[in-house]
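Chemist: One predicted model, sequence on top.
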Amino acid sequence: LSLGGTVPETSESAGSPQQVSSSGSERPRPLRVLLAGGGTAGHVNPLLATAAALQDPALGGDPRTRILVLGTAEGLEKRLVPEAGLELALVPRVPLPRRPSGDLLRLPHRLGKAISAATEAIETVRADVVVGFGGYVSTPAYLAARKAGVPVVIHEQNARPGLANRLGASWAQAVALTFASTRLKASKGCTEVTGLPLRPAIATLVSQRATDEGTRQARVEGAQALGLDPDLPTLLVTGGSLGAQHLNEVLSESLDSLPTGLQVLHLTGKDKDAPVRAALEAAVASGAAQDLAERYHVLDYLTTMEQAYACADGVLCRSGAGTVAEITALGLPALYVPLPIGNGEQRLNAADVLASGGGRMVLDAELKPSDILDFAMLISDPERQAAMARAAASTGVQDAAARLAALIRQCASIHDTPTDEENAA
């Protein structure tokens, strides 16, 4: 597969999308965008947040912006994109083989079909810009955009870039990074640290916590919803659906040594709460503080994470890109325990916040009850907790969706006239 050729120059690409009418006066023409990405919620949520920002006047967007999302039939985008009121175009899922196999021989044909589907999507929306969030969908989208002469903007959420984004960065007009330490640059364009676009509920909490009064109100409301005491220092424990098991086991061993007066909200992962509840009962029966059962709250799953964050003084968690981005945007201290699978990106995702002093890290195989006790003592000390919170916030980005949307508008190539439908809008 040849990837030769150059990116066409787009002199009209800077600034807001505007057209000159036949009378010579400028009139706006809505932006047309193809957003490519999907698979997991970690990839779909930033895409949806970006789409919302592109259409939100409060963030510099235009409600008339035409957005088409390119995804697969297998990913969460199949459900989440229509639920968000957006149109979804499907492309065949084409994993790029990392080692020689039969899939490598079939790759040109599969990729060709995917590129054709991506090209059709570009033509359908008459895209001014293609924005990719990595993953299986992005490779054909980048290649189709290059062939069509449409500018490409890449968002890389992880500290270790994925294969698709490394490929696309060779000709992208812009690369947007979640973390400043990510080693990915646009070879021929600009590279900016925009942060990771936040889910609307988290973005709302970030805004609410901008004042002491708002922070207190969010904490009280979250505590009331979750049955917590808003006045106790609170440790939030969450490992996600995949990464919870070992955290649960070490927490269960730590129950009799937790500081007096510390409140814990432990999200065990779906259907993983029974062993933790049993360990809690055993700890109390064996002589742990009698009020431990009142201070230690166990839930297997929570859809309203913003309520948990609002109550938290510190978080024990994995270090996926979305988790790190949300926690630092909220300015919460964290003890990060990277998930020991994949290509090691979780260990790198927290590098910037660790360097700032806003977090600690312990490898999964090395996590001990004493690590949890030390962190619990830290967040129970108001002065130490506040210092760590400030350090965490110094690396967080609170307006990532607006930053990325602005970069997309800047890179868009506006080179044709409005359609009758757009003129009527």
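Modeler: Alright, I've got the coordinates. Numbering: from 1, shown residues only.

Chemist: C-alpha from now on. contacts and neighbour counts both.
Modeler: OK.

Chemist: Nearest residue to the middle of this protein?
Modeler: Per CA atoms, centre = their mean, the C-alpha nearest to the average position across the chain is that of G322, at 3.7 Å.

Chemist: Isn't that one up against G42?
Modeler: Yes - applying CA atoms under 8 Å, one finds G322 in contact with G42, separated by 6.3 Å.

Chemist: Could you list the residues in contact with stretch 169-181?
Modeler: Applying CA atoms under 8 Å, 6 or more residues apart in numbering, the set of residues contacting stretch 169-181 from outside is 6-7, 146, 151-159, 184-196, 321, 325, 349, 351-352, 404, 407, 411.

Chemist: Next, the distance between the ends of it.
Modeler: Stretch 169-181 has an end-to-end distance of 16 Å (criterion: CA to CA, to the nearest Å).

Chemist: where does the protein have low pLDDT?
Modeler: Confidence mapping of the chain against pLDDT under 70 gives the ranges 1-28, 95-107, 109, 241-243, 413-425.

Chemist: For the helix ranked longest in it, which outside residues touch it?
Modeler: With DSSP state H applied, the helix covering the greatest number of residues in the chain is identified as helix 102-125. By CA under 8 Å, 6+ apart, the surrounding residues in contact with helix 102-125 are 1, 32-34, 66-68, 70, 89-94, 96-97, 130, 140-141, 143-145, 148.

Chemist: Go through it and flag the buried ones.
Modeler: 107, 110-119, 121-122 (16 or more other CA atoms under 10 Å).

Chemist: hey, where'd the strands end up in the stretch 1-150 of the chain?
Modeler: Listed in chain order, the strands of the stretch 1-150 of the chain (DSSP state E, counting those that start in this stretch) span 18-20, 26-28, 32-36, 66-71, 87-90, 129-132.

Chemist: Now do the same contact list for the nearest residue to S380 once chain neighbours are set aside.
Modeler: By the measure of CA to CA, 6 or more residues apart in numbering, the closest residue to S380 outside its immediate chain neighbours is P233, 5.6 Å from it. For P233, the contact set (CA under 8 Å, 6+ apart) comprises G261, L262, Q263, A312, D313, I379, S380.

Chemist: hang on, G331 is in a strand, isn't it?
Modeler: No - with DSSP: H, G, I helix; E, B strand; the rest coil as the criterion, G331 is located in coil rather than a strand.

Chemist: So it versus L205, what's the distance?
Modeler: Counting by CA to CA, the separation of G331 from L205 is 11 Å.

Chemist: More neighbours: these two, which one.
Modeler: Higher neighbour count among G331 and L205: G331, with 26 against 19, using other CA atoms under 10 Å.

Chemist: what's the spacing between the more buried one and G396?
Modeler: Where G396 is concerned, G331 sits at a distance of 7 Å (CA to CA).

Chemist: Repeat that for A279.
Modeler: The separation that A279 has from G396, given CA to CA, amounts to 36 Å.

Chemist: More neighbours: the two, which one.
Modeler: With other CA under 10 Å as the criterion, A279 and G396 differ in neighbour count, and G396 comes out ahead with 25 against 18.

Chemist: Please report how far the more buried one lies from S286.
Modeler: Between G396 and S286 the distance, using CA to CA, works out to 42 Å.

Chemist: same question, G322
Modeler: G322 is 39 Å from S286, where distance means CA to CA.

Chemist: residues touching the closest residue to R295 other than its chain neighbours, list them.
Modeler: For R295, the nearest residue in space outside its immediate sequence neighbours is Q263; the separation is 4.7 Å by CA to CA, 6+ apart. For Q263, the set of contacting residues under the criterion of CA under 8 Å, 6+ apart consists of D229, L232, P233, T234, L235, R295, Y296, H297.

Chemist: among these, which are in helices?
Modeler: Using DSSP H, R295 are the members of the contacts of Q263 that sit in helices.

Chemist: all helices of the stretch 101-250 of the chain, in order?
Modeler: Remark: helices assigned in the stretch 101-250 of the chain by DSSP state H, counting those that start in this stretch are 102-125, 138-148, 163-168, 200-208, 212-226, 240-254.

Chemist: Is it possible to get CSV of those helices that adds distance to L177?
Modeler: Rendered in CSV, the data for the helices of the stretch 101-250 of the chain read as follows (distance: least, CA to CA, whole Å):
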stretch, distance to L177
helix 102-125, 24
helix 138-148, 16
helix 163-168, 11
helix 200-208, 18
helix 212-226, 28
helix 240-254, 24
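
Chemist: Nearest to T50 among the ones you listed would be which one?
Modeler: Set against T50 and scored by CA to CA, the helices of the stretch 101-250 of the chain come closest in helix 200-208, at 10.3 Å.

Chemist: got the buried residues for that closest one?
Modeler: Applying a neighbour-count criterion of 16+ other CA under 10 Å, one finds P200, I202, A203, L205, V206, Q208 buried in helix 200-208.
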